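>>> Fold the stuff below for me.
(one chain, ligands or ions: 1)
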Amino acid sequence: MTAALSVLPLPKRARIGVPVYTCSAVFDAIAAVGHIPVFLDIELDYYTIDPAPLAKSKDGLDALVAVHTFGHPFDFDAVRTACGDIPIIEDCAHAMTAEYKGKRIGSFGDAAIYSLRPGKLLGSGGGGMLVLRNPDLAKESSLESKMSHSSRGRLFIHYLQAMAGGMLNRSLSALDSRPDSSHMKIGRMTPGDLALLERRLPSLPSIVAAHRRNASALLNALSGGTFQLPLASRAVTHDYYLFALRFHSENGRARAQARLQRAGIGAFQLYRVALEKARAHGYRGDCPNAETAARNVVMLPVHPKVSEVAIGMMSDQLSQFRDVDR
Ligand SMILES: Cc1ncc(COP(=O)(O)O)c(C=O)c1O
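Modelled structure (predicted):
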């Protein structure tokens, strides 16, 4: 993200719109390059950026970071309409193969970033991947000079010479073999990280397939419960990196999470702390949907190691659960 923000032509102290319901590393990245995060609300159906409040703040924005939260692509067309022609950076940390209107995410914005941090879909040794729409910006010399101040030097730069339809699909599948130097440059990722990444790349389709299979099993098993299951817009193919279950209250969430944890299920919360950290960057608590999600959502594990038995246990625990605060 620091690389994307450094290389895009933005004014000094640019105002960067960002959903407040996301990883606080994004806010830190914006601040680290001297820009100012402007916090925006999400829509509760998909936990992605809400175009309506965005349209109201667009005049004060120089660029937008929008996140494909939990693997669900944000509504790019609605977001583009809402924010006008400022640069959009797609944050693909939660999604690698997800599609929006039949095209893979990462191919819509002016830039897209991916995380290779352990625990992510393609978690390896660390580092990340940057995709830029404008090939001139992606020249390594330009990136190197702009990145020289960055402490996060490990970078795996993947740039596209053209962003014609389907290009990204081809490029990403090319990663399954050895990187092709005609459209990919390798920066300072360590050889060990790169070797690990190359070993994991061929498994990406099966990793995502496992997330989707587990999510689908949970969607079937949990229908009819006293909570909101994750929704998927008809315009998208969801990667289900995370499976977000929303309760009617913080208390309901706490009791459900405790019940799952007693049964040995690693259900976890996200972004409560991120919202607190956002306050240090000027967030004023004025994003009600983000506040609701941070209070009431719990993540169920859907990673490839989750077994059918574990899905059954989650289903048993949650089918006995009643959200009394409803
Ligand atoms: C949505 C989102 N964006 C960005 C990041 C930062 O990724 P990295 O730690 O690889 O820089 C994360 C990390 O968890 C994330 O969840």
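>>> which non-adjacent residue is nearest residue 275?
residue 294 (5.1 Å; Cβ to Cβ, 6 or more residues apart in numbering). Using the backbone N, CA and C atoms, a C-beta is placed for each residue, glycine as well.
>>> The ligand contacts on this protein?
Residues of the chain lying close to the ligand by Cβ under 6 Å from any ligand atom are 22-23, 25-26, 67, 91, 93-94, 115, 117, 128.
>>> Can you select the buried ones among these for me in PyMOL?
To isolate in PyMOL the members of the residues of the chain next to the ligand that are buried, counting by 16 or more other Cβ atoms under 10 Å, one can use:
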select buried, resi 22+23+25+26+67+91+93+94+115+128
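>>> Now tell me which of the residues of the chain next to the ligand the prediction trusts least.
In terms of pLDDT, residue 128 ranks lowest among the residues of the chain next to the ligand, with 79.
>>> What pairs with the host helix or strand of residue 64, parallel or antiparallel?
Per DSSP states H and E: residue 64 is located in strand 63-67. Strand 63-67 has the following strand partners under DSSP bridges: strand 15-19 (parallel), strand 88-91 (parallel).
>>> What average pLDDT does the next helix-or-strand element following the last one get?
Of the helices and strands lying after strand 88-91 in sequence (DSSP H and E), the nearest is strand 99-100. This predicted structure assigns strand 99-100 an average pLDDT of 96.
>>> which other residues reach strand 99-100?
If you take Cβ atoms under 8 Å, 6 or more residues apart in numbering as the criterion, strand 99-100 is touched by 73-76, 105, 108, 235-237.
>>> Report the buried members of those residues.
Looking at the contacts of strand 99-100 with 16+ other Cβ under 10 Å, the buried ones turn out to be 73-76, 105, 108, 236-237.
>>> Columns secondary structure on top of those, output as JSON lines?
Shown next, in JSON lines, are those (DSSP: H, G, I helix; E, B strand; the rest coil):
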{"residue": "73", "secondary structure": "coil"}
{"residue": "74", "secondary structure": "coil"}
{"residue": "75", "secondary structure": "coil"}
{"residue": "76", "secondary structure": "helix"}
{"residue": "105", "secondary structure": "coil"}
{"residue": "108", "secondary structure": "coil"}
{"residue": "236", "secondary structure": "strand"}
{"residue": "237", "secondary structure": "strand"}
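>>> which one among the residues you listed gets closest to residue 224?
Closest to residue 224 out of those is residue 236 (24.1 Å), distances taken as Cβ to Cβ.
>>> So what does whichever residue of the stretch 101-250 of the chain sits closest to the ligand have for phi and psi?
In the stretch 101-250 of the chain, the residue that lies nearest the ligand is residue 115 (3.3 Å; Cβ to the nearest ligand atom). Note on residue 115: its backbone torsions stand at phi -110, psi 130 [degrees, to the nearest 10].
>>> switch to numbering from 45
Sure, I'll start counting at 45 from here, so that last one is residue 159.
>>> these two touch, right, it and residue 112?
No. Here residue 159 does not reach residue 112: they are 11.5 Å apart, not a contact under Cβ atoms under 8 Å.
>>> Need the overlap of contacts for the two.
Common contact partners of residue 159 and residue 112 (Cβ under 8 Å, 6+ apart): residue 136.
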